[in-house]
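Colleague: Make a model of this:
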Amino acid sequence: MNDFARSASVGSDVEVISLMGIAHGTSHFFHLMVPSLFPWLMPEFSLNFTQAGSLTAAFFVASGIGQALAGFVVDRVGAQRVLWSGIGLFALAAVVLASSSNYGTLLAAALLAGTGNSVFHPADFTTLNRHVSPARLGHAFSVHSLCGNLGWAAGPVFMTGIAASLGWRIAAFAAASVALLALALLLARRRVLATTVEHERSVAAARSSPGSTFAFLGAASVWMCFLFFLVTMLAFGALQNFAPAVLQRVYALSLGAATSALTLYLFGGAAGVVVGGFLAAKSGAHDRVIASSLICAALTALAVASGGIPAWTVSGFFAVIGFCTGIASPSRDLLVRQAAMERFGQKSFGRIYGFVYSGLDVGLATAPLIFGRLMDLGMFNAVLGGVALLQGLGVAAALKVGQQRRGAYVLNPLPRRQD
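Modeller: I've put the predicted structure just below:
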C-alpha cells in the first residue's frame, strides 16, 4: 500500500470510529435520561422508589428484547438505517417524556428509549467490523467503549443542570435535541458508512439461506459470550446501584467518600478501556487478556468484601477494580467478533452481536433485584463478594470461548466458512 492509500485508510478508519463513538455515547446518554430526572419526576407524579426503579427496568427489558431482534434486522437491511431509527426513537422518547402527564406516559417514554437503545450494539459493531481495518479494530472497540462511558458521565450533568434551572420538561426537550444533532451528523456523513459491495453479497447470502438464520444459536461459543455479558453486567450493576450504600455500612465512609469511590471506579474503567485497546491490538489471545484482568478485579473485590482493608484505601481499591474491568472491554468485543467469524462469517455480525449483547441488558435489569434483596437483608459484604464471584464466572466464560474457538467444545458442528 502506498503512502497516499495508507493515509486515506487511516483517515477513513478514524472518521468511522469517531461517528460510531458519537452514536454509542448518545445511546449511553439516554440510559440515564429518565433516572437523572427522578428528583423532579418522583414528587411531580407521586412516585415511590419501586415505581421509579420500574422505569429503569422497563428501559433495559425493552432494550434486551429489542437488541436480540435488532441484530437480524441489521443483517437483513444494513446497519445505517437501523441506527438512524434508534436515534429517532430516542428523540421521540424525549418528547414523550417532556409531554408526560401520568405514570403511563413516563413508562411509554422509558420503553421507547429502551427500544431505541436496542439497535446500537448490533449496528455499531457491524459497522466497525465492516469499515475499519482489522489492525485498528482493538483501538476502535476501545474508543467505542470509552465514548459510552463519556455518555454516562455527560447525561446526568446535562439533564440535572437544565432541570435545576429551567425545569425537567425543558431538560427532556433538550435531550431530544441531542438525539437530533447526532442523527443529523450521521445523515450528513452517511457516505462514509455506505454499504459496501462485500456487505451486499453477505446480505444476499443471508436472504438466500433462511435455514441458517438461527444456526448461530447452536454454537456454544455464542452462548458463552452471552453468559459472559450477563455475569459481568450483573457485577457492574451491583456496584453502580449500591456501592455507596455498601461502603457506608461496611467501612463507615461518609456519603461523599463512598460516592467518590464509585466515581474512581468509573474513571478507572475508562482508563482501563484505553489501555485495553492497545493490549487487544497486540494480542490475539483475547480470552487470556480478559481472564487475567478479571482475575485481578475479582481478587481486589474480594479484598474489599473482607472488610479488613483500611477505610482510606477503599477508593484506590475501587479504582483498581474499574481499571482491570475496563482492560477487558476491547478484548471482549474482539472475542465476540472471533466467535462470529470463526463459523458464520460476516453475514452473522448483526444477529450475534445483538444476541450476546442482550445479556448486558438482562444483567443491568436484574442486578438491582438480586442485590437489592441482599441489601434489604443487611448482607452488605455479600454484595461485594457477589461482584467477585460474578467476575470469576466471567473469567470462566471467556476461557471457555477461547477453548471452543480452538475446536475443543462445539455444539452442533457446522462447516466453518469465511465470507
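
Colleague: low-confidence ranges in the stretch 101-250 of the chain?
Modeller: Counting by pLDDT under 70, the stretch 101-250 of the chain contains low-confidence ranges at 195-212.

Colleague: Tell me which helix or strand the residue nearest the centre of the chain sits in.
Modeller: Centroid-nearest residue in the chain, with Cα atoms, centre = their mean: Leu360, separated by 6.4 Å. Here Leu360, judged by DSSP states H and E, is contained in helix 349-376.

Colleague: Just the buried residues of that helix, please?
Modeller: Across helix 349-376, burial judged by 16 or more other Cβ atoms under 10 Å covers 349-368, 371-372, 374-375. All C-beta spots, glycine's among them, are computed from the backbone N, C-alpha and C.

Colleague: again with stretch 25-42
Modeller: Across stretch 25-42, burial judged by 16+ other Cβ under 10 Å covers 25-38, 40-41.

Colleague: In helices, which of the residues you listed appear?
Modeller: Using DSSP state H, the subset of the buried residues of stretch 25-42 located in helices is 25-31, 33-36, 38, 40-41.

Colleague: will you turn those into a markdown table that also has pLDDT and distance to Val14?
Modeller: Shown next, in a markdown table, are those (pLDDT from 0 to 100; distance: Cβ to Cβ, whole Å):
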| residue | pLDDT | distance to Val14 |
| --- | --- | --- |
| Gly25 | 93 | 16 |
| Thr26 | 95 | 19 |
| Ser27 | 94 | 21 |
| His28 | 91 | 21 |
| Phe29 | 93 | 22 |
| Phe30 | 95 | 25 |
| His31 | 89 | 26 |
| Met33 | 92 | 29 |
| Val34 | 91 | 33 |
| Pro35 | 87 | 33 |
| Ser36 | 86 | 31 |
| Phe38 | 87 | 38 |
| Trp40 | 93 | 40 |
| Leu41 | 92 | 40 |
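
Colleague: for these, which one is nearest Ala94?
Modeller: In terms of Cβ to Cβ, no member of these lies closer to Ala94 than Met33, at 6.6 Å.

Colleague: OK, contacts around that closest one?
Modeller: By Cβ atoms under 8 Å, 6 or more residues apart in numbering, Met33 lies in contact with Ala93, Ala94, Leu97, Ala113, Gly155, Met159, Ala172, Ala175.

Colleague: Now flag whichever of these is closest to Gly64.
Modeller: Among the contacts of Met33, Ala113 lies closest to Gly64 (Cβ to Cβ), at 13.2 Å.

Colleague: shouldn't the closest one be in contact with Pro35?
Modeller: No. If you go by Cβ atoms under 8 Å, Ala113 and Pro35 don't touch, sitting 10.9 Å apart.

Colleague: what about the nearest residue to Ser36 once chain neighbours are set aside, neighbour count?
Modeller: Spatial nearest neighbour of Ser36, excluding adjacent residues (Cβ to Cβ, 6 or more residues apart in numbering): Met159 at 3.8 Å. Neighbour count for Met159, taken as other Cβ atoms under 10 Å: 24.

Colleague: Please identify the helix or strand for Met159.
Modeller: Met159 belongs to helix 137-166 when elements are defined using DSSP H and E.

Colleague: Just the buried residues of that helix, please?
Modeller: Across helix 137-166, burial judged by 16+ other Cβ under 10 Å covers 137-155, 158-160, 162-163.

Colleague: again, but for stretch 164-184
Modeller: Neighbour-count burial for stretch 164-184 [16+ other Cβ under 10 Å]: Trp168, Arg169, Ala171, Ala172, Phe173, Ala174, Ala175, Ala176, Val178, Ala179, Ala182, Leu183.

Colleague: Not counting sequence-adjacent ones, nearest residue to the first one?
Modeller: Read that as Trp168. Trp168 sits nearest to Trp40 (Cβ to Cβ, 6+ apart), 3.9 Å away.

Colleague: Verify the contact between the one you found and Ala163 for me.
Modeller: Yes. In terms of Cβ under 8 Å, Trp40 counts as a neighbour of Ala163; the distance is 5.6 Å.

Colleague: before we move on, the earlier item: packing partners for the helix holding Met159?
Modeller: Where contact means 3 or more Cβ pairs under 8 Å, 6 or more residues apart in numbering; DSSP states H and E, helix 137-166 is packed against helix 3-31, helix 33-36, helix 38-45, helix 120-131, helix 168-188, helix 255-282, helix 314-343.
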